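Visitor: I'll drop the sequence and a predicted model, then ask my questions.
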Amino acid sequence: MMGRLGAHIKRVIGLLYETRQTFTPEQINQNCYVIMLANKAVFDSLRNNAKVYYMRGGSLTRSRLMMSSNLCSKT
């Protein structure tokens, strides 16, 4: 069975895959109800995921999926 962390990561990657767009943490929260700013483990896992590209300005995207975030202070 998948834990909560894995489920959150899967939801965000699914959102990135389906839309092929760049998202900020706030947009991720609005679209799939995963609070990136409050869950460092999810953010760090996605930032270090080979499928997800973290744009230093704060966005997360995917080389195949993309994700955007405005987290300069959280790095």
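Guide: Alright, I've got the coordinates.
Visitor: host element of the nearest residue to P25 once chain neighbours are set aside?
Guide: Once flanking residues are discounted, P25 sits nearest to M36: 3.6 Å by Cβ to Cβ, 6 or more residues apart in numbering. The C-beta positions use only the backbone N, C-alpha and C, and glycine is treated the same way. Using DSSP states H and E, M36 sits within no helix or strand.
Visitor: repeat for Y53
Guide: strand 52-55.
Visitor: quick revisit: wait, doesn't the residue nearest to P25 sit right on Q30?
Guide: No - if you go by Cβ atoms under 8 Å, M36 and Q30 don't touch, sitting 11.0 Å apart.
Visitor: Give me the common contacts of the two.
Guide: When Cβ atoms under 8 Å, 6 or more residues apart in numbering defines a contact, no residue borders M36 and Q30 alike.
Visitor: Strands of the chain, start to end?
Guide: 52-55, 59-62, 65-68 (DSSP state E).
Visitor: Any figure for the gap between V12 and C32?
Guide: Here V12 is placed at a distance of 6 Å from C32 (Cβ to Cβ, to the nearest Å).
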